[in-house]
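>>> Need coordinates for the following:
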Amino acid sequence: MVWPIFRGLFDDASLFPPASLPMADAVAGHLRHQAAWYREMSGPFVCAGTRITELSAALTAAGLAELDLALVLPGGVAGLDAAVDGVFSDPRLRLRAVEVPAAARDSITTAVAEVAAALDRTPLAGAAAFIEVPARDFTTAAARAVDERRYLAKVRTGGTTAQAVPDDQTLANCLVTMAQARLAFKCTAGVHHAVRHRAADTGFEHHGFLNVLLAVAAALDDASPEQVAAELADRDAARVAAKIRNLDAETVSAVRSRSPRSAPAVPTSRSTTWLRLALSARTSRQLAPVCLTHLRSCQPAGSVQRPPDVSADPMRPANMARFIFMNPAVTERDGQPVRKPTVWRAERRIFRVIRAPLRGMRVAAD
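This is a model prediction of the structure:
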C-alpha cells in the first residue's frame, strides 16, 4: 500500500534529461512501471508534441492498447494545434495533461494571457492544462493571471545549466505566492533526489522533492518565505525523512488533495499542489531502474475551459473530438465556472479521424 503523500507522485518523463531514453526503451520502461509494486506512484507518460508520431509507432511495436499521456510543448503555443490533433488522431492516446510555457515578454501577465487564450480555443477533452512561468517571475500578478483563467501553474526547478536552478529564496517566494493564492501547480526538472544535494558530476545544486513537500506544507501553514527557504535548504536526510513521517493526515491532505484545509469556500476541482521531479538511479535503485522524472499530485478533474470555436475548421481532429467525446460543458453557479459532468465512455476508441460531415451528429450523455 502506498502512503498517501506519495500516491500519483511521479510522471514518467524518461524521454527527457537526465535519462533521455530512446522512445522504444522509454515505452518499455513505462510498461514496467505500470506493472510494478510502486505503480500507484506512477503517472502519465510525458512526451513532446513533436514526437507524437514516433510515440504512436512505438505503441504499435510494443502492442500497447492505450497510454495515459502528458503532452508538453517546449516551443510554446505555436505547436499546440498540431500536437493536439496528433494526439486525437491516435485512439490509443488518452490525453491527461497539456503543459505550455509562457513566452518571454516584458509583462509576464501578457505572456500568460496569450497561452491561456490559445488553450481556450483548444478542446482538451477534460485534460489538465498547465502554464509554465519562471520561478523568478512568479509574482502575485502572475499567479492571479493563471488563476483567473482557471488553469494550473508550472514552475521550472532545474535544467541543464546551473542558472536554470532557482535558489532557495526564489523558489520559496514562488511557493508562498502560490500557496497564498491556493493555486495548483507542478515543479519540473532538477528534482532528481529526495533531499537537497550538490550533484557530483555537474556541481549543480538540486532541490530535493521531500524538501519541496515540506516547503509546501510550511507555506500552506503561513510560514514566512525565509522559513520556507530553510525547509528547501535542509541537507540532513534523516531530519527531512523524520519530518515527512511526522506529517499528520490533515497536512498531507492539504499538500496533496483537492481540498486544502485553508482553501476558500469556492467549489473547485483542482488539487492544491503539483510537484514534478526527476529520480536518479541511486535514489530509485530499490524501486528498479525507475525512469520516472516528474513529481505531481493526484489526477485532477481537469481545468475549466471556455467552449472552443470549432466553426472555422470543423474537420480538425481536435474539433471533431469536441463533439464526439462531449468535452464537459461550462456553466456558472454563483458567478463561478462549473464543469457540467457528462458521460463519454466510448473515449478515443471510437475515434478514427472520421472524415465525414458532422452536421446532424449528436452524442447523447447519460
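>>> CA atoms for contacts and neighbours, from now on please.
Noted.
>>> Where is the longest strand in this structure?
The longest strand of the chain (DSSP state E) is strand 93-101.
>>> What residues sit buried inside whichever helix or strand comes after that strand?
Sequence-wise, the next helix or strand downstream of strand 93-101 (DSSP states H and E) is helix 108-120. For helix 108-120, burial by neighbour count (16 or more other Cα atoms under 10 Å) applies to 108-113, 115-116, 119-120.
>>> Compute the inter-axis angle for helix 108-120 and strand 93-101.
Put simply, helix 108-120 runs at 160 degrees to strand 93-101, going by axes from the mean of the first three to the mean of the last three Cα atoms, to 10 degrees.
>>> Run through the stretch 251-366 of the chain and note the low-pLDDT ranges.
Where the stretch 251-366 of the chain drops to pLDDT under 70, the residues are 257-366.
>>> coming back round to it: closest to Leu171 among the buried residues of helix 108-120?
When the buried residues of helix 108-120 are ranked by distance to Leu171 (Cα to Cα), Ile108 comes first, at 17.0 Å.
>>> need the contact list for the closest one.
Going by Cα atoms under 8 Å, 6 or more residues apart in numbering, Ile108 touches 102, 133, 137, 142.
>>> strands paired with the longest strand of the chain, and their directions?
Each strand paired with strand 93-101, and its direction, by DSSP bridges: strand 67-72 (parallel), strand 128-132 (parallel).
>>> Could you look up the next helix or strand downstream of the shortest one?
Tracing the chain past strand 128-132, the next element assigned as helix or strand by DSSP H and E is helix 140-148.
>>> what's that next one packed up against?
In terms of contacts (3 or more Cα pairs under 8 Å, 6 or more residues apart in numbering; DSSP states H and E), helix 140-148 is packed against helix 108-120, strand 152-156, helix 168-181.
>>> so how many other residues sit close to Trp215?
Residue 215: Ala, not Trp. A total of 26 residues lie near Ala215 under the criterion other Cα atoms under 10 Å.
>>> picking that back up, most tightly packed of the strands paired with strand 93-101?
strand 128-132 (a mean of 25; mean count of other Cα atoms under 10 Å).
>>> now the angle between strand 152-156 and that one, please.
40 degrees.
>>> What's the local residue count around Val216?
Neighbours of Val216 under the rule other Cα under 10 Å: 28.
>>> show me where this protein has helices.
23-35, 52-62, 80-88, 108-120, 140-148, 168-181, 209-220, 225-233, 237-245, 249-256, 317-324 (DSSP state H).
>>> what about those, which gets the closest to Thr157?
helix 168-181 (7.8 Å).
>>> so for the closest one, what's the average pLDDT?
Average pLDDT, helix 168-181: 95.
>>> related to what we said a few turns ago, any chance of the contacts of Ile108 in TSV, plus neighbour count and pLDDT?
Shown next, in TSV, are the contacts of Ile108 (neighbours: other Cα atoms under 10 Å; pLDDT from 0 to 100):
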residue	neighbour count	pLDDT
Ala102	25	94
Val133	25	93
Asp137	16	90
Ala142	22	93
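>>> could these be laid out in JSON lines, adding distance to Gly86?
Shown next, in JSON lines, are the contacts of Ile108 (distance: Cα to Cα, whole Å):
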{"residue": "Ala102", "distance to Gly86": "22"}
{"residue": "Val133", "distance to Gly86": "25"}
{"residue": "Asp137", "distance to Gly86": "32"}
{"residue": "Ala142", "distance to Gly86": "30"}
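>>> Leu213: which of those is nearest?
Val133 (19.6 Å).
>>> Look up phi and psi at His207.
phi -80, psi 150 (degrees, to the nearest 10).
>>> That one: what's it in contact with?
So His207 contacts 157, 190-193, 195-197, 232-233 (Cα under 8 Å, 6+ apart).
>>> Apply 10 Å and report the result again.
157-158, 165-168, 171, 189-198, 232-235, 277 (Cα atoms under 10 Å, 6 or more residues apart in numbering).
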